[in-house]
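Colleague: Pasting the sequence and the predicted coordinates here, then a few questions.
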Amino acid sequence: MVRSSFPHTRLRRNRFDDATRRLVSETHLHVDNLIWPIFICEGEQQRQKVKAMPGVERVSLDLLVEHVRPAVELGIPAVALFPVTPLEKRSETGEEALNPDNLMCRAARVLKTAYPHLALVGDVALDPYTSHGHDGLIKDGHILNDESVDVLRHQALNQAKAGIDIIAPSDMMDGRVKAIRSILDEHDFHTTRIMAYAAKYASAFYGPFRDALGSNALLNGDKKSYQMDPANSDEALREVAMDLAEGADMVMVKPGMPYLDIIRRVRDTFSVPTFAYQVSGEYSMIMAAIENGWLEREKTILESLIAFRRAGCHGILTYLAVEAARLLRGR
Ligand code: PBG
């Protein structure tokens, strides 16, 4: 540490003008840091507004290529796909997750054909497909671990076959990364990457997302027996360590802004590609304040994202990706 004494040292000198501020800036936000989550739905010519997420829509497959075009043109490297499964296709065991022609797989094929260089992130968990809204199989009110993992690994393989590049297990079952890595390798998907939702908390901030997927009304109980307790931090490091040992290529912390301390610990401890999800509730909070005129749009969006970079993230999953990329291009 440099010893500083006033008035010889004045930290404000480095903030004197824009050029100097740019020179001493410690972190940067770049389009390469952005992953855009998108909601896809059945039907034709569908652009359904998500009520709790102003500016976010569920889009049908015939509109998907156009919907994603701005992201590709702006240079966003990846999108994350979230299917809204029709209620009649949801079931106790979520077998629609294994259907090679499910919404997610069809979307992956459409996007891979249109944009071969766009990386596709596929969420692996059963909640879009189960009639009870949980991420795994349920018996006598308990979420089964190993039985769920057995379905999840086949879900991952199904997605890889459809062209998903980055498998992102968000279910928080123990041992799922190892099972997924094994089945992918057995089927020669050696280059398919795994981005593990490693430290995923049982959070109230997922509310608007579950609304978007239509799983809020279905969910009985909570997800506390598999997602983490917001009070815990050491446990997050154990989760990350296990996922890395099992073969995760990248790890994620979720939600984002309320968990910046976890991101910093993960990055400092493991020095591996680290991601965060600025989740639906964070997006909705920011947008609500912006729409009310309480926060200034551009500055708030960019500040909310640079915070992740400062905390140690390589990249951020954010519903603001396209808007942020536009703002960055204008700089
Ligand atoms: C499903 C999943 C969730 C999110 C991503 N994948 C919700 C949940 O666990 O209930 C949340 C994303 C968001 O809130 O934006 N396993």
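Modeller: Arrived safely, thanks for sending.

Colleague: in the chain, which helix has the most residues?
Modeller: When the chain is parsed with DSSP state H, its longest helix is helix 146-162.

Colleague: looking just at contacts, which helices and strands does that one meet?
Modeller: Helices and strands touching helix 146-162, by 3 or more CB pairs under 8 Å, 6 or more residues apart in numbering; DSSP states H and E, are helix 103-114, strand 119-124, strand 166-169, helix 176-186. From N, CA and C alone the C-beta is placed, and that goes for glycine too.

Colleague: does K200 count as helix, strand or coil?
Modeller: strand (DSSP: H, G, I helix; E, B strand; the rest coil).

Colleague: my bad, V59
Modeller: Three-state assignment for V59 (three-state DSSP): strand.

Colleague: sec struct for the spatially closest residue to it that is not a sequence neighbour, please.
Modeller: Distances taken as CB to CB, 6 or more residues apart in numbering place H67 nearest to V59, at 4.7 Å, with adjacent residues excluded. The assignment at H67 comes out as helix when based on three-state DSSP.

Colleague: got a list of what H67 touches?
Modeller: Each residue near H67 by CB atoms under 8 Å, 6 or more residues apart in numbering is listed here: I38, E57, V59.

Colleague: still on that earlier bit, just put the helices and strands packed on helix 146-162 in TSV and tack on mean neighbour count and distance to the ligand.
Modeller: TSV is the format used below for the helices and strands packed on helix 146-162 (neighbours: other CB atoms under 10 Å; distance: least, CB to the nearest ligand atom, whole Å):
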stretch	mean neighbour count	distance to the ligand
helix 103-114	20	12
strand 119-124	23	5
strand 166-169	26	8
helix 176-186	20	12
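
Colleague: For the ones you listed, give me TSV that also has mean pLDDT.
Modeller: Below are those laid out as TSV (pLDDT from 0 to 100):
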stretch	mean pLDDT
helix 103-114	98
strand 119-124	98
strand 166-169	98
helix 176-186	98
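
Colleague: pretty sure A199 is in contact with R265, am I right?
Modeller: No. Counting by CB atoms under 8 Å, R265 is not a contact partner of A199; they are 9.4 Å apart.

Colleague: Neighbour count for the two, which is higher?
Modeller: A199 (27 against 20; other CB atoms under 10 Å).

Colleague: Show me what that one is bridged to.
Modeller: V253 (DSSP bridges).

Colleague: Against D171, how distant is it?
Modeller: For A199, the distance to D171 equals 13 Å [CB to CB, to the nearest Å].

Colleague: wait, what's in contact with N216?
Modeller: G133, G207, R210.

Colleague: Out of the helices and strands in the chain, which is least certain?
Modeller: helix 207-213 (a mean of 91; mean pLDDT, DSSP states H and E).

Colleague: what distance separates that helix from the middle of the whole chain?
Modeller: 14 Å (CA atoms, centre = their mean, to the nearest Å).

Colleague: what's that helix in contact with?
Modeller: Here helix 207-213 makes contact (CB under 8 Å, 6+ apart) with 39, 50-53, 56, 58, 82, 84-85, 127-128, 133, 216, 219, 279-281, 283-284.

Colleague: Which of those residues fall within strands?
Modeller: F39, R58, F82, V84 (DSSP state E).
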